[in-house]
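# compute the structure for the input listed below.
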Amino acid sequence: MRVLIATAGSHGDVVPYTGLGLRLRAAGHEVSVATHTRSAELVRRCGLCFHPLPLDDQAMGEPGRGSGDGGRGVLLSPVQQMRLARQLAPKMADAVAGACASGAEVLLVSGSLAPLGLVAAVGLCLPSIGVFLQPLAPTREFPPVVLGTPSLGRLGNLTAGYCAQSLLACAFGPGVRHLRCRFGVTRQALRRRWATWQVYHGFSPVVVPRPVDWRPGMEVAGYWWPSQTLDWEPEPRLADFLRSGPPPVYVGLGSMAVGDPESVGRCVARALKLAKVRGVVQAGWAGLSIEGDDVLTVGEVPHAELFPRMSAVVHHAGAGTTAAGLRAGVPSVQVPVMLDQPFWASRLVALDVSPGSIPLRRLSAEDLAAAIRKAVCDPRYHRRARQLAVSIRAEDGAGRVLAAVERLADGGRCR
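A predicted model of the protein is given here:
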């Protein structure tokens, strides 16, 4: 069966789907990943087919990119993001529909493209499944993850969840209307399909249990792990650094643009010194760069290989990095920046694998150093992290999606 996986966003919004795609390919399916052109090498390196989506970085969750400053611009405000998304929604809609019409027999679509993917699938009579990295449906159990707010109480959480969905519907509205007109899909047909649409979430039920008030058909599957290079070895500089002393602390902000990377770098360097720990700093899109006897800056390194060698990980709490830290069984310190990151940061604290979070806008060397010392020195965080890692590694999230795809294949009908 020809399976199309459609996703958009930052690096972390693409990488988990490479692991999912490889699992489907191993079962005999032909898999293509439709996403940003910059991810073509990653997808093809995994042995999957690549279909380009000419999507705008900023509209798809990468504010600060393309601002004329080397990709380290100031984050767009929510109002600016909304305006940009609405402006580009018809173009995004045509790109997604074009990918769906390119020979796919089943569509797996991420939360970042779900409103467009679903209407295209209905219009093309293409079987489809939602494959989400975040819990986006309203629930009483926690506030909407895209707003980054603390709990508002059960009724407040649910109300805010529906408000967040209304905002997302507004952002995608021009694109959805464009596709509805193109394919002749009525609002009623779309609502009926959504009411029974199967959605699998790529995170562990240990980390976020399935809310009891979710509708049937929305499941928490378990993580989809990125593809791994079995013969990976650290470059000589990194290998020498890892051998030269006790396990260091990882620091990285992934695909986040921080505005002033030099200032953030100085803060991190001072925090590591105050905490009296060695550090491995991943430059990432933030452009962090720190050098010294006890600090090494590296480029792209697989988290699955690096994190188990760390004493703790300091990160922005993106969904993928959060998952990698949990799988490695090491404590975390979170520096959330935007969107769903405060949600994942709060989950790590609730799971007792982290002493706390420090939002980037309030980051100080003293606070970061104190949190790092707790994460490294308090044995309860290490003990709890190891316990969770055992449970998470035993799950087969990709296997559950594979089973759902093969049920669609056996059904042989438009869903």
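
# CA atoms for contacts and neighbours, from now on please.
Fine.

# relative to Leu48, how far out is Phe203?
Phe203 sits 22 Å away from Leu48, going by C-alpha to C-alpha, to the nearest Å.

# scan this structure for its longest helix.
helix 153-183 (DSSP state H).

# report the buried residues of the helix or strand just after that helix.
The first helix or strand that comes after helix 153-183 along the chain, using DSSP states H and E, is helix 187-196. For helix 187-196, a neighbour-count test (16 or more other C-alpha atoms under 10 Å) marks 190, 193 as buried.

# now swap in stretch 206-217 and tell me
Here stretch 206-217 shows 207-208, 210-211 as buried, counting by 16+ other C-alpha under 10 Å.

# which of Phe203 and Leu48 has more residues huddled nearby?
Phe203 (26 against 18; other C-alpha atoms under 10 Å).

# my read is the more buried one is in a helix, agree?
No. Counting by DSSP: H, G, I helix; E, B strand; the rest coil, Phe203 falls outside a helix, being coil.

# related to what we said a few turns ago, between the buried residues of stretch 206-217, which is nearest Pro143?
Pro211 (11.8 Å; C-alpha to C-alpha).

# just checking, that closest one touches Thr139?
Yes. The pair Pro211 / Thr139 is scored as a contact, 6.7 Å apart, by C-alpha atoms under 8 Å.

# count the neighbours of Arg270 for me.
Other residues near Arg270 number 17, with proximity taken as other C-alpha under 10 Å.

# contacts only, for the closest residue to it other than its chain neighbours.
Nearest non-adjacent residue to Arg270, counting by C-alpha to C-alpha, 6 or more residues apart in numbering: Ala365, 5.8 Å away. Ala365 makes contact with 267-268, 270-271, 274, according to C-alpha atoms under 8 Å, 6 or more residues apart in numbering.

# cutoff 10 Å now
264, 266-275, 371 (C-alpha atoms under 10 Å, 6 or more residues apart in numbering).

# mind checking which of those residues are buried?
Of the contacts of Ala365, these count as buried by 16+ other C-alpha under 10 Å: 264, 267-275, 371.

# the closest residue to Arg386 other than its chain neighbours: neighbouring residues, count only.
Among residues not flanking Arg386 along the chain, Gly329 sits closest, at 4.4 Å (C-alpha to C-alpha, 6+ apart). Neighbours of Gly329 under the rule other C-alpha under 10 Å: 26.

# repeat that for Pro336.
26.

# Arg2 too?
Count around Arg2 with other C-alpha under 10 Å applied: 15.

# show me what it is bridged to.
Glu30 (DSSP bridges).

# now do the same contact list for it.
Residues in contact with Arg2 (C-alpha under 10 Å, 6+ apart) are 24-25, 28-32, 103-107.

# try it again at 8 Å.
Contacts of Arg2 (C-alpha under 8 Å, 6+ apart): 29-32, 103-106.

# what helix or strand does Gln81 sit in?
Using DSSP H and E, Gln81 maps to helix 78-100.

# check which helices and strands that helix sits against.
Contact partners of helix 78-100 among helices and strands, from 3 or more C-alpha pairs under 8 Å, 6 or more residues apart in numbering; DSSP states H and E: strand 2-6, helix 114-124, helix 153-183.

# will you turn these into TSV that also has distance to Ala323?
Output for the helices and strands packed on helix 78-100, formatted as TSV (distance: least, C-alpha to C-alpha, whole Å):
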stretch	distance to Ala323
strand 2-6	20
helix 114-124	22
helix 153-183	24
